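**Q** Quick check, what structure comes out for this input:
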Amino acid sequence: AGSPWATMEDKRQRTVAPGKKYSYAVTGDPSKPESASGSHAKMTCSRANFRAAGWKEEDFKKPVITIGVPYSNSMPCNNKFVELADLIAREV
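**A** Below you'll find the model as predicted:
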C-alpha cells in the first residue's frame, strides 16, 4: 500500500517500443521484479544521472542509441571520425 512501484504491473503489460528492450540495460527494466538485477528499482541511480544530464521522463520511453567513435584527442589523425559521428548523431 502506498508503494511508489504500485504501477509496475501496469508498466509490465505495456508494449515495448522496438529497440527499447535493449535500452532497459541502461535505464532499468520495469518488467523485472524490484529485487532483480537490472530492475527499474535497482537502476534508479542510472536514471538520476540521465536526469542530471537533462533527460525528461518521456526520454526514458525512447530507445537509447549510442554511436561508437574511434576518436581520441591524442590521435588527431582520427578527427574525421568525430565529424562523421556528429553527422550521424544529427540524422538519428
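
**Q** What's the end-to-end length of stretch 24-37?
**A** Across its full length, stretch 24-37 reaches 11 Å end to end, with Cα to Cα, to the nearest Å as the criterion.

**Q** buried residues in that stretch?
**A** When neighbours are counted by 16 or more other Cβ atoms under 10 Å, the buried residues of stretch 24-37 are found to be 24, 27-32. From N, CA and C alone the C-beta is placed, and that goes for glycine too.

**Q** Turn those residues into CSV, including pLDDT, secondary structure and distance to C45.
**A** What follows is the buried residues of stretch 24-37, written out as CSV (pLDDT from 0 to 100; DSSP: H, G, I helix; E, B strand; the rest coil; distance: Cβ to Cβ, whole Å):
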residue, pLDDT, secondary structure, distance to C45
Y24, 79, helix, 15
T27, 81, helix, 11
G28, 82, coil, 10
D29, 82, strand, 15
P30, 80, coil, 16
S31, 83, coil, 20
K32, 86, coil, 16
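
**Q** Kindly indicate which of the residues you listed lies nearest A85.
**A** Taking Cβ to Cβ as the measure, A85 sits nearest to T27 out of the buried residues of stretch 24-37, at 22.3 Å.

**Q** so what's the residue located most distally from the centre of the chain up against?
**A** Residue farthest from the centre of the chain, counting by Cα atoms, centre = their mean, is C77 at 30.8 Å. For C77, the set of contacting residues under the criterion of Cβ atoms under 8 Å, 6 or more residues apart in numbering is empty.
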